[in-house]
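Asker: Just the structure for this:
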Amino acid sequence: MTTTATLAPSSRQPQNTRQMTQPWDYIAKIVSLGDSGCGKSSLTIRLCEGRFSPHHDVTIGVEFGSRIVAVGPPASTALQANAAKNQKPPAQKHMKLSLWDTAGQETYKSITRSYFRGASGALLVFDITRRNTFLSATSWLHDLRQIAEENIVVVLVGNKSDLASSSTVSGDNNAENKRQVKKEEAEEWCKVNGVMQYVETSAKSGEGVERAFLEVAERIYQNIEAGRYDLNDRRSGVKGPGGGVRANEAGISLGMNRGRGSQAPGGKCC
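Answerer: A predicted model of the protein is given here:
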């Protein structure tokens, strides 16, 4: 797994000024959505466990994971996402990402849509080697915005970049470059649809995976700093210290909850 220490330090590091019993300052609910087979579960496993699962089963309903990441300066400097520059950075903050990996099959859409409620961020994932999954992104975004809270932070993710050796669309017989969606086309789609960022990832190599999740986390943190969430209201998708965390938001073992709805076992995936 490719990691950047300044962006996502281990939650096991000394907490300094933070409470030793609570290694995070905020919890944010983030959903991943998109067509089946795009690699949503593989992205979550890569982020939480630092590994690639080539034979991951189709998600039924929803699966869970969690990861603590650094947000705000100085960690956000590499993302070029700092809202204010030339100011003395405050104490480093940490956010626990409560990751809800939803099923992409049409059969489960009526179930997975319900998990969009109360999400503060979303990764809208498509497979850059299958153009139809990119074309479906508009429908997924519409469903998300119909159900989720207003102004949810969305990042478009083009997964399987390891299968695209070029930024141009491949020919039918090109074994090395299977790309069917240009980066420029995806970026233009983001502009047209009001999506904040486009990131290309490879769950197999780990490239871009942390950045995709951190782009969402950083924008959520900026919204927190701007006072746009009620941290005591579960509908906001964000909680602060002492906000009353439910079991399935506190860190769940990914893959252990298949087909059980919101009934979550104990343990942590990372």
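Asker: Just the mean pLDDT for stretch 121-131, thanks.
Answerer: Per-residue pLDDT values over stretch 121-131 give a mean of 97.
Asker: how long is stretch 154-163 from one end to the other?
Answerer: 24 Å (C-alpha to C-alpha, to the nearest Å).
Asker: no no, stretch 158-178
Answerer: 13 Å.
Asker: same question, stretch 53-67
Answerer: 18 Å.
Asker: Then stretch 144-163?
Answerer: Distance across stretch 144-163, first residue to last, is 28 Å (C-alpha to C-alpha).
Asker: buried set for the one helix or strand R219 maps to?
Answerer: In this assignment (DSSP states H and E), R219 forms part of helix 209-225. Neighbour counts over helix 209-225 (16 or more other C-beta atoms under 10 Å) mark 209-224 as buried. The way it works is simple: take the backbone N, C-alpha and C, and place the C-beta from them, glycine included.
Asker: Which residue is the nearest non-sequential neighbour of the residue positioned nearest the centre of the chain?
Answerer: The residue lying closest to the centre of the chain (C-alpha atoms, centre = their mean) is F213, at 4.1 Å. Using C-beta to C-beta, 6 or more residues apart in numbering and skipping the chain neighbours, the partner closest in space to F213 is L47 (5.6 Å).
Asker: how would you label that neighbour: helix, strand or coil?
Answerer: Of the three states, L47 takes helix according to DSSP: H, G, I helix; E, B strand; the rest coil.
Asker: is it true that it touches S66?
Answerer: No. Taking C-beta atoms under 8 Å as the definition, L47 is not a contact partner of S66, at 9.6 Å.
Asker: Can you pick out the residue with more neighbours from these two?
Answerer: Between L47 and S66, L47 has the larger neighbour count (other C-beta atoms under 10 Å), namely 28 against 25.
Asker: what about that one, distance to S139?
Answerer: Counting by C-beta to C-beta, to the nearest Å, the gap from L47 to S139 is 25 Å.
Asker: go on, E187?
Answerer: According to C-beta to C-beta, E187 and S139 sit 20 Å apart.
Asker: More neighbours: the two, which one.
Answerer: Taking other C-beta under 10 Å, E187 and S139 do not tie; E187 has more neighbours (15 against 11).
Asker: backbone phi and psi for Q146, please?
Answerer: The phi/psi pair for Q146 (degrees, to the nearest 10) reads phi -70, psi -30.
Asker: what's the pLDDT at it?
Answerer: 93.
Asker: go on, G267?
Answerer: 36.
Asker: ok, now which ones touch the residue nearest to R130 when sequence neighbours are not counted?
Answerer: Leaving aside its sequence neighbours, R130 sits nearest to Q180 (C-beta to C-beta, 6+ apart; 6.4 Å). Shown in contact with Q180 (C-beta atoms under 8 Å, 6 or more residues apart in numbering): I128, T129, R130, R131, F134, V169, S170.
Asker: please redo it, this time with the cut-off set to 10 Å
Answerer: F126, D127, I128, T129, R130, R131, N132, T133, F134, A164, V169, S170 (C-beta atoms under 10 Å, 6 or more residues apart in numbering).
Asker: L141 now?
Answerer: Contacts of L141 by C-beta under 10 Å, 6+ apart are L33, G34, A122, L124, V154, L156, W189, N193, G194, V195.
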